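Asker: Sequence first, predicted coordinates after that:
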Amino acid sequence: MGEITAALDEQGANKLLDGAIGAIGHQSKSGFGNLDPFVASYSVIAQLTNGDVDLIPPDIIRLVDLRVDWDLDLSFGIDLSAILPDFCLPQVCIDIPCVGTACTPKICIDWPTITVPVSFGDFVTATGDFQLDISVTGGVWKVQAKILGVPNLQLTRPHRRHFTLIRIGAALQVTETLDSRAIRRTDCYGQRFIKAGSYTYNILPAHGHLISQERPFIVKVKDGEKKPKMKQHTVLIKCRAGKFVVATEVLTIDVGDLVLWNCADADALPYAVIGDHDFFSSDRLVNECGFSHAFGSAGEYCWTDAYGSGVAGVVKVNDPGCKGEADLRRWRQSLGQGTVVMVTDGKAQPEQVEIQTGQTVFFAVVKAPGISITDE
């Protein structure tokens, strides 16, 4: 039988261990499962970060204070949309003095998935005694380590790094932010076109009007016979692969008509409708335009113009206080009632309005220097 003779001191053994620790790197594993309406996922990461070698005659190799750092992320959730019926805000039609009637589209709100993420992380240190077990079979050498014992094993108490419960109320606060510069799913922007012509525009992420100079969509306004009433055209926006698109890229209307934009996609970022003309932009409301907002939480909302014109007002939103089925039915019927606030010459009329949770306020801007409706 052949022989192999190898010699290694502690300094060399420690270099080998350091190289092995670096080569192993992070080790991770994750998984996901669901049993409607429940969902769960996990992710675990571990890494060798430290250790020393102690050679004990005649043939014991001791790994001293070998440390493993680990992190464990768990997430448990319940998908409310799987057990609760859909909830929709009805179409709200508002009569605007001297202009006509403007109607918001029906907006359906998806129930969220309530999640409870829990994260733990810490380390384990151990000292172990090993012995090399060398054998040869058919001319093939086999070298393996045989564990003799673990003189020391230190398990620290896991430290909970993070724990968050997303409550239903927080998850449903889709209308908490009032800002005409950043339109959300329960908001609408409307613009009336008084002169004939072609008006190009784009739909971009909020505050991102400098991102692109493209104007792929067009509103064509044609001269026509004088009509007794304004006609409304609703443009429904969709978010596809991070870009906003509309079904009708070229919309033809008559002089005096109103175009209203809304995006009900739950995953869409806040956005702005940006046109090439100064009066045509949801980012700055100039004239013959409007912004609607459905208020989802009770409270007092003080709004102002973020551009400093001084126009301001208050929307007081009351909790309906439903105590039974009859109260709930009355409240749902009231969601179709809207309130209009006229803005002209630096003033809001009325300056203060009072509504119930879920109802809509339409801010009709008759004439302004380019304002916003923004909560303080």
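Answerer: Nice, thanks for sending it over. Small disclaimer: the values here were computed from a predicted structure and weren't measured.
Asker: use CA for all of it now, contacts and neighbours both
Answerer: Noted.
Asker: Give the lowest-confidence helix or strand of the protein, using mean pLDDT as the measure.
Answerer: In the chain, no helix or strand scores lower on mean pLDDT, DSSP states H and E than helix 168-171, which sits at a mean of 42.
Asker: need the next SSE after the helix or strand harbouring Gly190, C-terminal direction.
Answerer: If you go by DSSP states H and E, Gly190 is part of strand 187-192. Next helix or strand after strand 187-192 toward the C-terminus (DSSP H and E): strand 197-205.
Asker: quick one: buried residues of that next one?
Answerer: Neighbour counts over strand 197-205 (16 or more other CA atoms under 10 Å) mark 199-205 as buried.
Asker: CSV for those, including distance to Asn50 and pLDDT?
Answerer: Putting the buried residues of strand 197-205 into CSV (distance: CA to CA, whole Å; pLDDT from 0 to 100) gives the following:
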residue, distance to Asn50, pLDDT
Tyr199, 66, 98
Thr200, 63, 97
Tyr201, 59, 97
Asn202, 56, 96
Ile203, 53, 97
Leu204, 50, 96
Pro205, 47, 94
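Asker: Buried residues in the longest strand along the chain, which are they?
Answerer: When the chain is parsed with DSSP state E, its longest strand is strand 113-137. For strand 113-137, a neighbour-count test (16+ other CA under 10 Å) marks 113-130 as buried.
Asker: which strands and helices sit next to that strand?
Answerer: The contact analysis (3 or more CA pairs under 8 Å, 6 or more residues apart in numbering; DSSP states H and E) places strand 113-137 against strand 60-79, strand 140-155, strand 159-163.
Asker: tell me how far it is from the chain's mean position?
Answerer: Taking the mean of its C-alpha atoms, strand 113-137 sits 36 Å from the chain's own mean (CA atoms, centre = their mean, to the nearest Å).
Asker: where along the stretch 201-350 of the chain do the helices fall?
Answerer: 325-334 (DSSP state H, counting those that start in this stretch).
Asker: low pLDDT regions in it?
Answerer: For the stretch 201-350 of the chain, the stretches with pLDDT under 70 are 226-228.
Asker: Check the stretch 51-200 of the chain too.
Answerer: By pLDDT under 70, the low-scoring segments of the stretch 51-200 of the chain are 85, 112, 156-176.
Asker: now with 50?
Answerer: Applying pLDDT under 50 to the stretch 51-200 of the chain flags residues 162-175.
Asker: remind me, longest helix of this structure?
Answerer: Taking DSSP state H as the criterion, the chain has its longest helix at helix 10-24.
Asker: C-terminal to it, what's the next element?
Answerer: Downstream of helix 10-24, the first helix or strand assigned by DSSP H and E is strand 27-35.
Asker: in its sheet, what does that following strand sit against?
Answerer: Strand 27-35 has the following strand partners under DSSP bridges: strand 38-56 (antiparallel).
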